[in-house]
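Student: The sequence and its predicted three-dimensional model are supplied below.
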Amino acid sequence: VDRSVRRLLLRAPKGCSIYEPIFWGHERFWKVPAPSYLLLFNGTPFKGLLLRMLGMRVGARLFDDGAAFVERPFISLGDDCTLNERSIVQNHSQEDGAFKSDHTVIGSRVTLGIGAFVHYGITVGDDAVIEADSFLMKGEEVPAGETWGANPARELPTRSIPTSA
């Protein structure tokens, strides 16, 4: 089903009016093939393989325990990422009658906490952490190794892990 409606997807992220036919096709793309069957593969090594088959760029050793992706072809994940239940990566918004979308790049060894919401136009550097229930707003750039959280997300002090004696 996904491949049969893929031609409706915008070829590249862009902005347009919600009254333009190109928007209507793109909207059908993310509403028709609801991938509820992916839930069966949460927490398994097969989730990354299925996401690759659906057009998403996914690095090696993905652990996905239930994240949702709206425009999979506009998302790039690095190696060793950990995505938690109810995390959402959404590559579009509708604002004042306009549709806007962009790519999202998530680096290697990134963790998205439970319920984290990542909007479009985001770049998350390697080894970064997006805390649970955080909202990473459009256009944000999270530098490598930083921890971000809250709504809207902002840099948080990095926690140090105590070493045992």
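Tutor: Nice, thanks for sending it over.
Student: Next secondary structure after the lowest-mean-pLDDT helix or strand in the chain?
Tutor: Every helix and strand of the chain was ranked by mean pLDDT, DSSP states H and E. The lowest is helix 2-5, at a mean of 63. The helix or strand immediately downstream of helix 2-5 is strand 15-17, counting by DSSP states H and E.
Student: Using PDB, list the CA coordinates for the next helix or strand after that next one.
Tutor: Downstream of strand 15-17, the next assigned helix or strand under DSSP H and E is helix 21-31. Extracted as PDB, the C-alpha positions of helix 21-31 are listed here (Å, rounded to 0.1, in the frame of the first residue of the first chain):
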ATOM      1  CA  PRO A  21      -3.600  19.900  -5.300                       C
ATOM      2  CA  ILE A  22       0.100  18.900  -4.500                       C
ATOM      3  CA  PHE A  23      -0.700  19.300  -0.800                       C
ATOM      4  CA  TRP A  24      -3.800  17.100  -1.200                       C
ATOM      5  CA  GLY A  25      -1.800  14.300  -2.700                       C
ATOM      6  CA  HIS A  26       0.900  14.600   0.000                       C
ATOM      7  CA  GLU A  27      -1.700  14.500   2.700                       C
ATOM      8  CA  ARG A  28      -3.100  11.200   1.200                       C
ATOM      9  CA  PHE A  29       0.400   9.800   1.400                       C
ATOM     10  CA  TRP A  30       0.600  10.100   5.100                       C
ATOM     11  CA  LYS A  31      -3.000   9.100   5.800                       C
END
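Student: Which elements pack onto helix 21-31?
Tutor: For helix 21-31, the contact count by 3 or more C-beta pairs under 8 Å, 6 or more residues apart in numbering; DSSP states H and E identifies strand 15-17, strand 98-101 as packing neighbours. Any C-beta I mention is one placed from the backbone N, CA and C, and that applies to glycine too.
Student: pLDDT (mean, whole number) over the first one?
Tutor: Pointing back at strand 15-17 there. Average pLDDT, strand 15-17: 80.
Student: Identify all contacting residues around that strand.
Tutor: Under the contact criterion C-beta atoms under 8 Å, 6 or more residues apart in numbering, strand 15-17 has outside partners Ile22, Phe23, Gly97, Ala98, Phe99, Lys100, Ser101.
Student: quick one: pLDDT of Asn42?
Tutor: For Asn42, pLDDT reads 94.
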